[in-house]
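[1] Just the structure for this:
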Amino acid sequence: MSETDQTFAVTPRPSASGPYVLEVVGELDHHSAPVLSEAVNEAPFGPLGVVLDLSGLTFCDSTGITVFVTAHRRSQAAGSSLALAGVAPSQMRVLQMVGLDEVFTFHADVDEAVRAARPPLPEAHC
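    Predicted coordinates for the structure are as follows:
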C-alpha cells in the first residue's frame, strides 16, 4: 500500500530475506515530509535494517533532511541500521554540505543495499 499526494509517494517494500525498503518518489518538502515520517515510524527497524530508496526523489529541502536525521535516530534507538540508496549527485552534494555523508551509509542502488545488509553465507567446509 502506498501513501501519496500529487507529487510524492512512499511505498513500503518488505522483504523476508533482506532489509525493509521504503521507496520514496517525488518532491520531499514541508508538505510531503509527514508522509515519509509516518512511513518511517511504521517501519520495522529489525536486524537487517531499513533502506530508503531515494532513486525516485526529485527534490529534498531541509524538512526532508530533518526526516532523514529523525529516521537515523530511530534506527540507532532500535539497534538497527538505516541506509540511503540511489541518492542523486545533486542531493548527495547537499547531504555532504551538512555533514550527513559522515552519518549515513550510502549505496548506489537498492540491490547493493540489500546485498550489504544480508549476513554472509557460512563457508562450506569439506
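[2] what's the helix or strand for the residue nearest to residue 39 when sequence neighbours are not counted?
    Leaving aside its sequence neighbours, residue 39 sits nearest to residue 10 (CB to CB, 6 or more residues apart in numbering; 4.3 Å). Every C-beta, even on glycine, is put in place using the N, C-alpha and C of the backbone. Residue 10 belongs to strand 8-13 when elements are defined using DSSP states H and E.
[3] Work out the gap between that strand and the centre of the chain.
    Centre-to-centre, strand 8-13 and its host chain are 11 Å apart (CA atoms, centre = their mean, to the nearest Å).
[4] Take the helix or strand just after it, keep the C-alpha atoms, and write them as PDB.
    Later in the chain than strand 8-13, the nearest helix or strand by DSSP H and E is strand 20-28. Output of strand 20-28 as PDB, limited to C-alpha atoms (Å, rounded to 0.1, in the frame of the first residue of the first chain):
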ATOM      1  CA  TYR A  20      12.700  -3.300   4.900                       C
ATOM      2  CA  VAL A  21      12.800  -0.900   1.900                       C
ATOM      3  CA  LEU A  22      10.900   2.400   1.700                       C
ATOM      4  CA  GLU A  23      10.700   3.600  -1.900                       C
ATOM      5  CA  VAL A  24      10.500   7.400  -2.000                       C
ATOM      6  CA  VAL A  25       9.300   9.100  -5.200                       C
ATOM      7  CA  GLY A  26       8.800  12.800  -5.900                       C
ATOM      8  CA  GLU A  27       9.400  16.000  -4.000                       C
ATOM      9  CA  LEU A  28      10.200  15.800  -0.300                       C
END
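[5] Just checking: what are the partner strands of strand 20-28?
    Strand 20-28 sits in its sheet next to strand 8-13 (antiparallel), strand 50-60 (parallel), going by DSSP bridges.
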